[in-house]
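J.: Here is a sequence with its predicted model. Questions after.
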Amino acid sequence: RYLRALIIKKARNLKSNQAIANYLLSNKDLADDIGFESIPENQSTFWYHYDSVDDNPVATVVTRLVHATYRNGVAVPDETKQKYDLENYNTIDETKLSQEVKNEALQNWMDEILDDIIEPVKFGRAQNTSYSEREIIGAMALGSLINGPHSAPIVGSRIFDNANIISADHLYTLIKSLDKYEIDDTFKEVNNRIIQYASEIGFFGRPQHIALDTTWVSWSGQGGNNELRLINNPERCDSGRGWCFATLALMFSENRFVLDIDLVQDKSDTIDIFRGQLRDAHQAGINIGRIHADREFYAGDTVNMCRSIAGNNYAIRVKLRSNGEPPKIIESMPLSPGEAKIVEDVDFGNIQPRVNVCGHKLPDDSNKSTNKIGFLTDLTADDTQPSSLYRTYTYRWSVETIFKQLKHGLAPKTKSSDPIVRLFFFKMGSVFYNIHTLINRARSPKYGYRLNVPYYQVLLAIATSIFTS
């Protein structure tokens, strides 16, 4: 993080260590992105870190970054323009690139990543001699794009010049040959490959803030089997029965990936599932930062799980009292709008060591039912700025966007009553989601163009890459 701060200091031609400290203090989101939870106010802290760095390679890197930034049309300060003599260089206006170039950039992405990430998808080759795994994934992308896999052969053959696309019945037969555990293992490996690819091109170099959450999927079929037991009467499930999925996701917009998504068959198992997902993420190379959990998981088991994975760096939202008000320890904190404080050594469920509680007062125009919000944590005011817990927690709500896209666009559509088929399709939706996130957050491998495409264009590009190669 100090190296990143040094790069910003040189790129903006800031003259002192105090200047970069002030700049980061006034740009909290940037400070979060480069890894600072609190900004050192002592200039000597920056000087100590900077003095240990070889300045020549840093200067070279900064020059290249500044020129690349300017040529791609990003506004830069006048001080930077003068120092790096930018006025003599032309900028590239990406808004004026032809649609043909944009389409090629999207297809380059698909050609780059598909072969590697879908290799783990197997169905038992004795039953599947007519279609490659690529062709099956392409048919499922079409099934997400149009009215399910039954329409894929008809529509796909017209789009891709009589391509031989697997029928829905054949596809369902292959999927039904799998069990829940094979499906879980397959998609865990596929998504791990996407995460590994993203890591290799520069994501995840710093600790990643994690969101834990669950989502309900309605069910109207004929029950499940022993491997896919339904939960009765879930909240907000119209059928009165449904599936609960525990999801582990990265939170910030630049890398909002789904790390894992698993079926919960007993609500008491949820925390154990989260614990396993976090350990798998760590083994996959994710540097676990702060863990965030909603008040649904306001319990001692969650505290113990967070401690075992992230040490003191977690925030569990405090549950409101039955009357909708915060607990007394938070309500009694004298806080002005936007202010936060941490009370240490609080008794909670007889947990040892005891927890800390952070209270944060919301702005007057927050439109929330209560003006104070609280978090369980082991962080202290010496570890972090108390207000950072609320600031990072607000990104946790972005996981709802993930659930919405999985349920209403990226998971292939099906009317099958077989729970194995529906589980496979839902998990495939998480792969399509992660591909969409990856290519909209990094520059394309051939043109270096940053795409901003909706999910349906990504689905079509997957099918195009597969059926025209």
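T.: Cool, got the structure. Numbering: from 1, shown residues only.
J.: Tell me which helix or strand comes right after the worst-scoring helix or strand of the chain on mean pLDDT.
T.: When each helix and strand of the chain is scored by mean pLDDT, DSSP states H and E, strand 231-232 comes last, with a mean of 62. Sequence order places strand 241-250 as the next helix or strand after strand 231-232, per DSSP states H and E.
J.: Parallel or antiparallel, which strands does the following helix or strand past that next one pair with?
T.: The element immediately downstream of strand 241-250 (helix or strand, assigned by DSSP H and E) is strand 258-264. Strand pairing for strand 258-264, determined by DSSP bridges: strand 241-250 (antiparallel).
J.: Point out where the stretch 301-450 of the chain drops to low pLDDT.
T.: Within the stretch 301-450 of the chain, the stretches with pLDDT under 70 are 364-369.
J.: same thing but 90
T.: The stretch 301-450 of the chain contains residues with pLDDT under 90 at 320-327, 331, 337-338, 349-350, 362-372, 384, 391, 394-423, 440-450.
J.: And the helices in it, which stretches?
T.: Along the stretch 301-450 of the chain, the segments classed as helices by DSSP state H, counting those that start in this stretch run 328-331, 387-393, 399-405, 419-441.
J.: among the ones you listed, which is nearest Leu86?
T.: helix 419-441 (26.1 Å; Cβ to Cβ). In this view, the C-beta of every residue, glycine as well, is placed from N, C-alpha and C.
J.: Ile34 reaches Ala5, doesn't it?
T.: Yes - taking contacts as Cβ atoms under 8 Å, Ile34 lies within contact range of Ala5: 6.6 Å.
J.: Who has more neighbours out of those two?
T.: Neighbour comparison, Ile34 and Ala5: the larger count goes to Ala5, with 25 against 17 (by other Cβ atoms under 10 Å).
J.: dump the residue contacts of that one.
T.: For Ala5, the contact set (Cβ atoms under 8 Å, 6 or more residues apart in numbering) comprises Ile20, Leu24, Ile34, Phe36, Phe46.
J.: would CSV of those residues with pLDDT and secondary structure be doable?
T.: Formatted as CSV, those follow (pLDDT from 0 to 100; DSSP: H, G, I helix; E, B strand; the rest coil):
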residue, pLDDT, secondary structure
Ile20, 89, helix
Leu24, 90, helix
Ile34, 83, helix
Phe36, 83, coil
Phe46, 82, helix
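J.: any idea which of those residues is closest to Lys415?
T.: Once Cβ to Cβ is applied, the member of the contacts of Ala5 that ends up nearest Lys415 is Ile34, at 47.7 Å.
J.: how close does that closest one get to Ser52?
T.: Relative to Ser52, Ile34 is positioned 18 Å away (Cβ to Cβ, to the nearest Å).
J.: who's in contact with stretch 397-415?
T.: 140-141, 143-144, 147-149, 211, 213, 215, 217, 247, 249, 251, 253, 256, 258, 421-422, 425-426, 428-430, 432-433, 436, 455-456, 459.
J.: Now Asn356: closest residue in space, sequence neighbours ignored.
T.: The shortest distance from Asn356 to any non-neighbouring residue, by Cβ to Cβ, 6 or more residues apart in numbering, is to Glu344 (4.8 Å).
J.: That neighbour contacts Leu379, doesn't it?
T.: No - applying Cβ under 8 Å as the test, Glu344 and Leu379 come out as separate, 9.7 Å apart.
J.: Between the two, which is the more surrounded one?
T.: Set Glu344 next to Leu379 and count neighbours by other Cβ under 10 Å: Leu379 wins out with 23 against 13.
J.: Might you report the residue contacts of the more buried one?
T.: Here Leu379 is in contact with Asn312, Asn313, Tyr314, Ala315, Ile342, Asn356, Cys358, Leu389 (Cβ under 8 Å, 6+ apart).
J.: Would you check how far apart the nearest residue to the first one once chain neighbours are set aside and Ala281 are?
T.: Nearest residue to Asn312 in three dimensions, chain neighbours excluded: Asp378, at 3.4 Å (Cβ to Cβ, 6+ apart). When distances are taken as Cβ to Cβ, Asp378 and Ala281 turn out to be 20 Å apart.
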